[in-house]
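S.K.: sequence? don't have it. structure:
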């Protein structure tokens, strides 16, 4: 049998998940033929990919629309909080401490006489920044390590599995109390670094399993038999088909990381004053909750709505990307 060589100029047919399968011209033309019915076809009669189907389903999902609008609003006020809160969150008047709603101050004042409305708006910037940056760090680190372990296997997979077991055994809150108690920085970076340090094992397990499943498909085996390099196999064929579970888990985890930042700040080891954070405000309002419940209600409500919005978004994305639900 003559030896076959991998030809990058050969036709590439879509796999339905964003990846590709190297085929000859005749085979590619066969796959490009229009199905008998309109279902599963795009505007030009070509088969739709998983991503186009997912986007079509998301646009029709009211849960996705509501959660996306809430998240867009949070991103807007995080970037430009002065649009709806022109005052300063650090401007306080002790003469107004624990007072209720007043004209120009709809949420009242906290125990230090600070405007609760302004601090609640500015607190969104910290929570969203921690959640987004921590999720990006966890997704990149966990995906790379998990993909390498799933693709190469062997000793690398064994070592990574044992390392992740060690990190899974560390209680998150207890680890934060130990690691963050020795930091003196008032910025978000120590909190982000801690979340990335303890959050990447979960994403690495997800990425590892997805890569192992994807590389068992026939199109990957065909590309390997034709001489495709490891980098081409991973970037062109495996990664596009294994990224969907990582996206879903990362979206849901983003809300969890926002809640974790508030918990650590509430315990006094996360962000510290004069930083503005929902966790700091909740902690400061807890001692006088009977006299001024509004100071605790508004930051707690904003935190709950934010976490719920990201969880709802993750659930909607999961349902759209799950082929079993089609």
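M.R.: Received the coordinates, thanks. This is a predicted model, so every value here is computed, not measured.
S.K.: hmm, residue 249 is touching residue 204, no?
M.R.: No. The criterion here is C-beta atoms under 8 Å, and residue 249 misses it with residue 204 at 10.8 Å. From N, CA and C alone the C-beta is placed, and that goes for glycine too.
S.K.: ok, residue 285 to residue 197 distance?
M.R.: The gap separating residue 285 from residue 197 is 30 Å, by C-beta to C-beta, to the nearest Å.
S.K.: looking at these two, which is more packed in?
M.R.: residue 285 (22 against 16; other C-beta atoms under 10 Å).
S.K.: okay, and the more buried one sits in which element?
M.R.: Per DSSP states H and E, residue 285 falls inside helix 278-285.
S.K.: could you check how far that helix is from the centre of its chain?
M.R.: Distance of helix 278-285 from its chain centroid, counting by C-alpha atoms, centre = their mean, to the nearest Å, is 24 Å.
S.K.: how about stretch 207-223?
M.R.: 24 Å.
S.K.: just stretch 273-290 next, same as before
M.R.: Chain-centre distance of stretch 273-290: 26 Å, with C-alpha atoms, centre = their mean.
S.K.: what comes up buried for that stretch?
M.R.: 275-285 (16 or more other C-beta atoms under 10 Å).
S.K.: all helices of this protein, in order?
M.R.: Taking DSSP state H, the helices of the chain run over residues 25-31, 50-59, 62-79, 116-152, 154-168, 172-180, 189-214, 218-225, 230-232, 239-266, 278-285, 294-321.
S.K.: possible to save those helices as TSV with distance to residue 103 and mean pLDDT?
M.R.: Formatted as TSV, those follow (distance: least, C-beta to C-beta, whole Å; pLDDT from 0 to 100):
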stretch	distance to residue 103	mean pLDDT
helix 25-31	67	40
helix 50-59	41	80
helix 62-79	22	93
helix 116-152	12	92
helix 154-168	52	89
helix 172-180	40	89
helix 189-214	36	91
helix 218-225	66	82
helix 230-232	63	79
helix 239-266	30	89
helix 278-285	22	92
helix 294-321	15	91
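S.K.: so which of these comes closest to residue 106?
M.R.: Smallest distance to residue 106 across the helices of the chain (C-beta to C-beta): 5.5 Å, for helix 116-152.
S.K.: that closest one packs against which elements?
M.R.: helix 62-79, helix 154-168, helix 189-214, helix 239-266, helix 278-285, helix 294-321 (3 or more C-beta pairs under 8 Å, 6 or more residues apart in numbering; DSSP states H and E).
S.K.: now tabulate those helices in JSON lines and tack on distance to residue 129.
M.R.: As requested, the helices and strands packed on helix 116-152 are exported to JSON lines (distance: least, C-beta to C-beta, whole Å):
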{"stretch": "helix 62-79", "distance to residue 129": "7"}
{"stretch": "helix 154-168", "distance to residue 129": "24"}
{"stretch": "helix 189-214", "distance to residue 129": "8"}
{"stretch": "helix 239-266", "distance to residue 129": "9"}
{"stretch": "helix 278-285", "distance to residue 129": "12"}
{"stretch": "helix 294-321", "distance to residue 129": "12"}
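S.K.: and of the ones you listed, who's closest to residue 99?
M.R.: Smallest distance to residue 99 across these (C-beta to C-beta): 9.4 Å, for helix 294-321.
S.K.: list the buried residues in that closest one.
M.R.: Using 16+ other C-beta under 10 Å as the test for burial, helix 294-321 gives 294-300, 302-303, 306-307, 309-321.
S.K.: next one: stretch 256-276
M.R.: For stretch 256-276, a neighbour-count test (16+ other C-beta under 10 Å) marks 256-266, 269-272, 275-276 as buried.
S.K.: quick one: contacts of that stretch?
M.R.: Here stretch 256-276 makes contact (C-beta atoms under 8 Å, 6 or more residues apart in numbering) with 89-90, 119, 122-123, 125-128, 130-131, 134-135, 138, 172-173, 176-177, 180-181, 186-188, 191, 194-195, 199, 277-280, 282-283, 303, 306-307, 310.
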